[in-house]
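In: With the input below, show me the fold.
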Amino acid sequence: MKWPIGFYRMVDVLFQHPLLTLKRKISKNDAWYLVLLSFAFLSFTDPEPKGEYLQKGHYIVVAAYRLGQEKYMENYVSQLNSSGHHSKFGYDAGRKFYYIYLDYFTDFDESIAEMLKARKEGGFDRAWVRVMKEGYGQPTTTTTETKVNPEPNTSALVIHEPKPVTEEPIKKEEPVAEEKQPEPEKPKEEKPTGTPPLKNANVLFYLYNPTNSQPIEGEVELVDSDVSRLIKKVKAHEVIPMVDPKNKTGKVTLIGSSFGFRKVQYDFNLNTIKPDSLPEHIEWKDDKYIIHFDLARLHRGDIETLYNVYFFNDAAVMLPESKYELNKLLDFMNSNERYKITLHGHTNGNARGKIITVGPSKNFFELTNDVVNGSRFGKRAFGSTSQVIKDWLIANGISGDRMTIKAWGGSRMLHDKNSNNARRNVRVEVEVIED
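Out: Take a look at the predicted model:
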């Protein structure tokens, strides 16, 4: 094999060095070997990495690059930062990888929580935690000097030999690969550090009958107390975040209701309720606040409106979605045999108009072929709607002598008959006359 002329000159210079010519300790063949060894050492030495080495801690890693891929790495960091992230990169000398990371933590549990958040909310579905231990991943190469003492008046050749890099083995860690990242360790269950304030916690509205302690289906209205504005209606017995009224005072009104029961209202200030001094109807249990509403049954003189009983147009025939509230009325009548009620019917005005009533088949929720067509004035028309509710209760086992009907027509309208709220004038009210 023919070598470049510079190679032969290097061999000749090395061979003529005083140290190598001293007593013929190193032959010319040995010099050739040293030169070849020097070339091999220079060829397989890793280039100096860019940036800083990773220190001890826990890193939220989203990408890994090898030496020589610095251009791609820096482009990706720039792309992440231009998207609003604060990513950085660091070098792990132990594994000889660059890691692009979003954040750094000293606590393992905190790093796992943030990594899972980056996967779920940040779109980094392959993010993982790189754990750097004390002294691991840092450059540990040192140099020592081996001197051969020459004869007087001769110079010495100093040979620098690199010590091999040693790494402390890491237990139970999978090797990093770009194609597949190791699964993170399962985060430890976080213990609550204290009871959060009501306005920052989950809440459950518990409606119940105080006479038998049984839960009641119903709903709770959340009202901004400052301006008397309905914020939201929620179902009872469901866990939800506490609703923020977003007003200056923090005052909120809660109204628990269920048909057949008296409403219960609470007024309080979310900013002043403290976990260590809760009102008697509020308790902290199983990582949520429970607000109790003890709803008492209606009594003599109470009036409840059947807001959720609907009728076909120009008909005393109920829509199928009315069944839910009708069943609550039926439960109410069955809860106490002494209950007697009056059904008050109201219309939007007293003009004469057509009215369709239930036929002989007694189908209360469909316009069947045997419905009866007629024409009546307002009072008589809504007497028909009250009558169909009474007939349905009788069909379900309630004695007819426990119910009376009062048709008011349009004499007790809540709104002007030509206004946007005119529809609310059409209603049936239930009054308890005996209990």
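
In: quick one, domains of this protein?
Out: Following automatic domain parsing, one gets these domains for the chain: 5-43, 46-185, 198-294, 303-434.

In: For these, give me TSV that also has mean pLDDT.
Out: Shown next, in TSV, are these (pLDDT from 0 to 100):
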stretch	mean pLDDT
domain 5-43	52
domain 46-185	72
domain 198-294	92
domain 303-434	84
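
In: can you map out the helices along the chain?
Out: Remark: helices assigned in the chain by DSSP state H are 5-16, 18-21, 28-43, 70-82, 108-120, 323-335, 378-395.

In: Could you tell me how many residues sit around residue 356?
Out: Neighbourhood size, residue 356 [other Cβ atoms under 10 Å]: 18. (Each C-beta comes from the backbone N, C-alpha and C, glycine too.)

In: Please enumerate the strands of the stretch 201-350 of the chain.
Out: Ranges of strands within the stretch 201-350 of the chain are 202-209, 214-215, 219-224, 229-235, 239-241, 251-257, 264-269, 282-285, 288-294, 303-305, 340-346, based on DSSP state E, counting those that start in this stretch.

In: Now the third one - C-alpha only, CSV.
Out: Yep, that's strand 219-224 we're talking about. Only the C-alpha atoms of strand 219-224 are listed here, as CSV (Å, rounded to 0.1, in the frame of the first residue of the first chain):
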residue,chain,number,x,y,z
GLU,A,219,-82.0,20.2,40.6
VAL,A,220,-80.2,23.2,42.1
GLU,A,221,-80.2,26.7,40.6
LEU,A,222,-77.1,28.8,41.1
VAL,A,223,-77.8,32.5,41.1
ASP,A,224,-75.5,35.5,41.1
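
In: Show me which residues of that strand are buried.
Out: 220-224 (16 or more other Cβ atoms under 10 Å).

In: One more: the first one?
Out: Using 16+ other Cβ under 10 Å as the test for burial, strand 202-209 gives 203-209.

In: before we move on, what about the fourth one?
Out: Burial within strand 229-235, assessed by neighbour count using 16+ other Cβ under 10 Å, is assigned to 231, 234.

In: Give the partner strands of that strand in its sheet and their orientations.
Out: Strand pairing for strand 229-235, determined by DSSP bridges: strand 219-224 (antiparallel).

In: re earlier: got CSV for the strands of the stretch 201-350 of the chain, with distance to residue 386 too?
Out: Formatted as CSV, these follow (distance: least, Cβ to Cβ, whole Å):
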stretch, distance to residue 386
strand 202-209, 28
strand 214-215, 30
strand 219-224, 25
strand 229-235, 27
strand 239-241, 37
strand 251-257, 22
strand 264-269, 28
strand 282-285, 41
strand 288-294, 30
strand 303-305, 13
strand 340-346, 4
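
In: which residue sits closest to residue 101 in space, ignoring its chain neighbours?
Out: residue 59 (4.1 Å; Cβ to Cβ, 6 or more residues apart in numbering).

In: okay, now that neighbour: neighbour count?
Out: So residue 59, with other Cβ under 10 Å, has 24 neighbours.

In: hey, what's it bridged with?
Out: Beta-bridge partners of residue 59, as defined by DSSP bridges: residue 104, residue 130.

In: That one and residue 202, how far apart?
Out: According to Cβ to Cβ, to the nearest Å, residue 59 and residue 202 sit 33 Å apart.
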